[in-house]
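Visitor: Structure for the following, please:
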Amino acid sequence: MTTKGGRNRNGGGYSDDEDDDSHNKSQQRQRSSSSRHHHHYHHHHRSDRRYVQQPNQSFQQQSYDPNKRRKLGGLNDEELTEDKLQIALFTLGQKIDSTLEQTLRDLCTTICNDLSKHKKTIFNILNQCIQLVPERVTIYSTLVGLLHASVITFGSDFLDVCVSAFKENLLSYKFEIIQRYIRFFSDLVNVKLLSPSSILALYDTLIEAATETNIPQVRTDFFVSCVLTALPYSGKILSEKNNTELGRLLYTIDKYIYNRSKIHTPILQVWSSMEPHPQEEYLDCLLAQIKRLNQDEWAESQIFRPYYSYADTLFSDASASIVHDLPMVNIPEHRDGIVYPPPKIVFRMFDYTDVPEEFVLPGAHAIERYLIEDEISNILHTYHTERKDCAMQLTQIRSNNKIPLNYMIVEVIFGHLFMLPRPRHLELFYGSLLLELCKLQPSTLPPVLVQAVEMIFERLNTMKTACIERFVKWFSYHLSNFQFTWAWQDWIDCLDENPESPKIKFIRETLQRCMRLSFHQRVIEIVPEQFYKLLPNKPSPVFKFEENDAPVFGSEYAQLLVKKIKERAPAEDILRILNTVPSPSKDDSSLVTPSSSTVTQSSNELTYTMVQIDIFVSSLLWVGSKSFTHSFAALAKYHQLFKILIESEEQQIQVLKSMYEIWPNHQQMMVVLVDKLVKTQIVECSAVANWIFSSELGTELTNFYIWEILSSTIEKMNRQVEKHHNELLDLRRQLNISTTVQSASSASLQADPMPTEAPTVSSTDEKPSDDAKMDEGETSNNDEEKSKSNNLKRRRESDDDEDDDNERKDSAEKMQISQPPMDEATAKLQEKYEMVEERLSHAREQQKKLYLIVFQRFIMTLSDFLNECESKNVDPVSTPWLKWIMERLQEIFLLYHEQVFQYVSTFESLIFTSDIDFSILEVFQQFCALRA
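Guide: Numbering: from 1, shown residues only. Below you'll find the predicted structure:
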């Protein structure tokens, strides 16, 4: 029960345990004034747990779990095992306190004592730490420095292993790990293991690779960013030892960044306006921060440098005299098909005027701003599958007491959530993480979150549509965890704006989402009366064939069908009734009008068939309108009848139109039903695209659910292509194995006349069915779970996600199918391979067709609107409609850039030609610049 102003009388504990209630209630009075807008009624919903990924239980029992095994005492036992080493090294520095210095010394002593026995294991785990825990790189470099000072051969041996791993990752194009190794090498200068001149030589090698001709700008950007992100760690020593060379390096970088193309910047910016905070391109901002650091003589206060506590050991004359040079590293040449990290925009939401007076927020070009944001990002990436651990690690970040850490955490989380083209991790992760942070810091973080929501709401007019939609999803989810309590009265002033304005659209869509998470009456209760005009309609079906005083054509047949369907009549009986439907008169046939797509049937035949489909679909969905399950069961029962009635795309579109007429008041039902119709192949993806841009949905085109349907449809098509592609690669591997074994068998027969059985190759490695694959939110690799620890797996999967495409392309290029004489098993594999290859070719044609339809319809819709504005002498930019549709076009380009780039030359020659409006063409040019 809430009181005036959105406050709650019954305090809330926001705890999983009932025992905490009394403690939480006592805290409620302290928190009641912390937020005027958003008083958190802290009940921790089970739904939050349900949606966050949980590690495999059987795997968890037999592998290292850092959350359950935090003690390091095992290293003092007689036998040092790999498991104990893993625990010690991966928990090292997890919490920085006064014991860390002694812990490092003890760990160094223990490793030195067992180095000869476990050398390979120690090197392997240390390498994994460098790759997977970048936020603790200085702690690991300190440990390596201590080991180097204690064992004279350790430094050179470990360096050889690191360089070898670094080269392997270069060849595999694992960009994130490459960057982490460069940062680690840079920090080894500070522990006197590497010489400053050899690090400069590495930087020069990277810059030389970046200045090659006829290569994409994104390749150059990556290598330049590797140098810039490493300089805060090595810059001070380099400025003391090699200042001239360092100055020359910075000049070369400055010249490159000044001249590089920035056409892509607008399409990636969260806000179109540069006020109040500039949305800078990532490299521009990073270079400005490095320049400021250089002016400050490389003095910074954020990097934790534990090696300074061991000056007697690391910087003694004996230790400092054994300094190694980093071996020369050759950067692989550019190859077509390699997907480099895309450019980024630095997200800014707060400045020093937004934080309390007792805090000092580092400026946009202060290196401390970058270093803290980078550490937060690394923690988000490392712990993105474990929100509780992630929240705990974020609260333990070491920073200056005057730095408003909560403001920076909230800013970085929203920056990741709004990142274009898409967030790095599940959107739900960021929402559940913010809930955990509110739980850990109930008196300090909620006010910051409320302030962030208010600031974003005020800037909605210049925010990208894709980001507004993500904001809607997060905000509604967050409210659902706190009984939908919010000070809605503060937004009453915007109710007089254009109904299509971003603020009105945001409130309307948020209430729609809240209804999905609760029910219609609950949504009515949460808002003041002034907001009732923005409430969603009651989600009830509309059956146009109901008995009334003025029945429409076909009502009597629809009523008969409803009765038969309720009686579970067979499909033959339903079809028999449909065949008795007479041909409609001219006036009646106008109720079901074909859309503009071309069909081969005559007009009379088409109209007659459309009436049959309309009556059947309307009756079927009306009977199944009780729930999602009832609708799915109805579609499944009469699936074969759909196949009989539907022969063309026009008829598929009629199914969608009839569905829309039944459910105009229930957006979620439409989203789910279209998904089911596509999944069961009742309608094709291209039919959905044409229906979305049809005149019947003209007024719905700016509503978010329409684009949810289109995105779901495109993703289904993409998954289908990916499924066939992966199946083809698997068959190719099997064929290579089969032919290799067969060749070896033939050679063996020639050497030994004794008869042997021909090798059998199993071809039963089937992929998941389409339905199973489309229904799965995420998949896991069970083989990996059994062979790796949970701690390593969650990080390695995160780092390798963006490299999978490169590896697949490499394997596809390297694998060649030899053609020796085939045995029976190999012949079957070859036959299956050709069949899947044909399926893949067909799926790619369908994918290409879908994108062509989508982009053609976008251009037609936008061109018609621009022409209409010109005829009415209206500035199209001043209308919210243009913003919504133009930014949806940008969103489609960005979300599916990997697939669209495969056909970009076709689109350029057929669709995005010079004769279309420049505002549309400009979106395409900005998209192409992402890989230029």
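Visitor: all helices in the stretch 301-450 of the chain, in order from the N-terminus.
Guide: Here the stretch 301-450 of the chain has its helices, by DSSP state H, counting those that start in this stretch, at 311-314, 317-320, 367-382, 387-395, 405-417, 427-440, 445-458.
Visitor: what about V672, how many neighbours?
Guide: 17 (other Cβ atoms under 10 Å). Every residue, glycine included, has its C-beta placed from N, CA and C.
Visitor: What mean pLDDT does the one helix or strand it maps to get?
Guide: For V672, the host element (DSSP states H and E) is helix 667-679. What helix 667-679 shows for mean pLDDT is 96.
Visitor: Check stretch 627-646 too.
Guide: 94.
Visitor: Give me the contacts around that stretch.
Guide: Stretch 627-646 has contacts (Cβ atoms under 8 Å, 6 or more residues apart in numbering) with 565, 568, 571, 574-575, 578, 609, 612-613, 616, 620-621, 623-625, 651-652, 655, 669, 672-673, 676-677, 680, 682-683.
Visitor: Go again with 6 Å.
Guide: Around stretch 627-646, the neighbours that count as contacts under Cβ atoms under 6 Å, 6 or more residues apart in numbering are A571, I613, L620, G624, Q652, V672, I682.
Visitor: Next: stretch 557-575.
Guide: With contact meaning Cβ under 6 Å, 6+ apart, stretch 557-575 is reached by F545, I577, V581, I615, S619, V623, Y638, Q640, L641.
Visitor: Make a ChimeraX selection of whichever of the residues you listed turn out to be buried.
Guide: In ChimeraX, this line selects whichever of these come out buried by 16 or more other Cβ atoms under 10 Å:
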select :545,577,581,615,619,623,638,641
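Visitor: Among the contacts of stretch 557-575, which lie within helices?
Guide: Secondary structure assignment by DSSP state H places I577, I615, S619, V623, Q640, L641 of those in helices.
Visitor: Reformat the contacts of stretch 557-575 as a markdown table; add distance to F858.
Guide: Conversion of the contacts of stretch 557-575 to a markdown table gives the following (distance: Cβ to Cβ, whole Å):
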| residue | distance to F858 |
| --- | --- |
| F545 | 35 |
| I577 | 41 |
| V581 | 37 |
| I615 | 33 |
| S619 | 35 |
| V623 | 37 |
| Y638 | 34 |
| Q640 | 36 |
| L641 | 34 |
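Visitor: Tell me the one of the contacts of stretch 557-575 nearest V329?
Guide: Distance to V329, by Cβ to Cβ, is smallest for Q640 among these, at 62.8 Å.
Visitor: just to revisit the earlier point, and the angle for the next helix or strand after the helix holding V672 with helix 667-679?
Guide: Under the assignment DSSP H and E, the closest C-terminal helix or strand after helix 667-679 is helix 685-692. Per axes from the mean of the first three to the mean of the last three Cα atoms, to 10 degrees, the angle that helix 685-692 makes with helix 667-679 is 150 degrees.
Visitor: Phi, psi for F858 please.
Guide: Phi and psi for F858, reported as degrees, to the nearest 10, are phi -60, psi -50.
Visitor: Tell me who's in contact with it.
Guide: F858 sits next to L889 when contact means Cβ under 6 Å, 6+ apart.
Visitor: 8 Å instead?
Guide: With contact set as Cβ under 8 Å, 6+ apart, F858 has these partners: F693, I885, R888, L889, I892, I920.
Visitor: Return the member of these nearest to L202.
Guide: Closest approach to L202 among those (Cβ to Cβ): I892, at 40.5 Å.
Visitor: Am I right that the closest one is in contact with L850?
Guide: No. Using Cβ atoms under 8 Å as the test, I892 is too far from L850 to be in contact (10.9 Å).
Visitor: which residues do these two both contact?
Guide: I714.
Visitor: got a list of contacts for stretch 832-848?
Guide: By Cβ under 8 Å, 6+ apart, the residues outside stretch 832-848 that reach it are 684-686, 717-718, 720-721, 724-725, 727-728, 731-732, 735, 763, 817, 899, 903, 906.
Visitor: One more: stretch 177-190?
Guide: With Cβ under 8 Å, 6+ apart as the test, stretch 177-190 has contacts from 130-131, 134, 137-138, 140-141, 144-145, 162, 165-166, 169-170, 194-196, 199, 202, 206, 225-227, 229-231, 233-234, 237-238, 305, 307, 326, 799.
Visitor: now stretch 447-455: how far from the chain's centre is it?
Guide: Offset of stretch 447-455 from its chain centre (Cα atoms, centre = their mean, to the nearest Å): 24 Å.
Visitor: Next: stretch 443-459.
Guide: Offset of stretch 443-459 from its chain centre (Cα atoms, centre = their mean): 24 Å.
Visitor: and that stretch, which residues are buried?
Guide: 444-453, 456-457, 459.
Visitor: what do you get for stretch 397-412?
Guide: Buried residues in stretch 397-412, counted by 16+ other Cβ under 10 Å: I397, S399, I403, P404, L405, N406, Y407, M408, I409, V410, E411, V412.
Visitor: Nearest to L361 among the residues you listed?
Guide: P404 (5.6 Å).
Visitor: Quick check: nearest residue in space to that closest one, chain neighbours excluded?
Guide: Among residues not flanking P404 along the chain, F359 sits closest, at 3.9 Å (Cβ to Cβ, 6 or more residues apart in numbering).
Visitor: now the one you found: how far from S399?
Guide: 11 Å (Cβ to Cβ, to the nearest Å).
Visitor: do the same with W486
Guide: Using Cβ to Cβ, W486 is found at 31 Å from S399.
Visitor: Quick one: residues contacting A689.
Guide: Here A689 is in contact with L710, T713, L850, I853, V854, R857 (criterion: Cβ under 8 Å, 6+ apart).
Visitor: Secondary structure element for the first one, which one?
Guide: Secondary structure assigned from DSSP H and E places L710 in helix 704-751.
Visitor: what residue ranges in the stretch 501-650 of the chain are flagged as low confidence?
Guide: 549-550, 585-608 (pLDDT under 70).
Visitor: hey, where'd the helices end up in it?
Guide: Under DSSP H, counting those that start in this stretch, the stretch 501-650 of the chain gives helices at 502-517, 520-526, 555-566, 571-579, 586-589, 603-623, 628-637, 639-645, 649-662.
Visitor: now the last one, how far from the chain's geometric center?
Guide: The offset between the C-alpha centroid of helix 649-662 and the centroid of the whole chain comes to 32 Å, using Cα atoms, centre = their mean.
Visitor: send the alpha carbons of that helix over as PDB?
Guide: Extracted C-alpha coordinates of helix 649-662, given in PDB (Å, rounded to 0.1, in the frame of the first residue of the first chain):
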ATOM      1  CA  GLU A 649       2.600 -15.100 -50.100                       C
ATOM      2  CA  GLU A 650      -0.600 -13.100 -50.500                       C
ATOM      3  CA  GLN A 651      -2.500 -15.800 -48.600                       C
ATOM      4  CA  GLN A 652       0.200 -15.900 -45.900                       C
ATOM      5  CA  ILE A 653      -0.300 -12.100 -45.500                       C
ATOM      6  CA  GLN A 654      -4.000 -12.700 -45.100                       C
ATOM      7  CA  VAL A 655      -3.400 -15.000 -42.200                       C
ATOM      8  CA  LEU A 656      -1.400 -12.200 -40.500                       C
ATOM      9  CA  LYS A 657      -4.100  -9.700 -41.200                       C
ATOM     10  CA  SER A 658      -6.800 -11.900 -39.700                       C
ATOM     11  CA  MET A 659      -4.600 -12.500 -36.700                       C
ATOM     12  CA  TYR A 660      -4.200  -8.700 -36.300                       C
ATOM     13  CA  GLU A 661      -8.000  -8.200 -36.500                       C
ATOM     14  CA  ILE A 662      -8.500 -10.700 -33.700                       C
END
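Visitor: Thanks a lot, catch you later.
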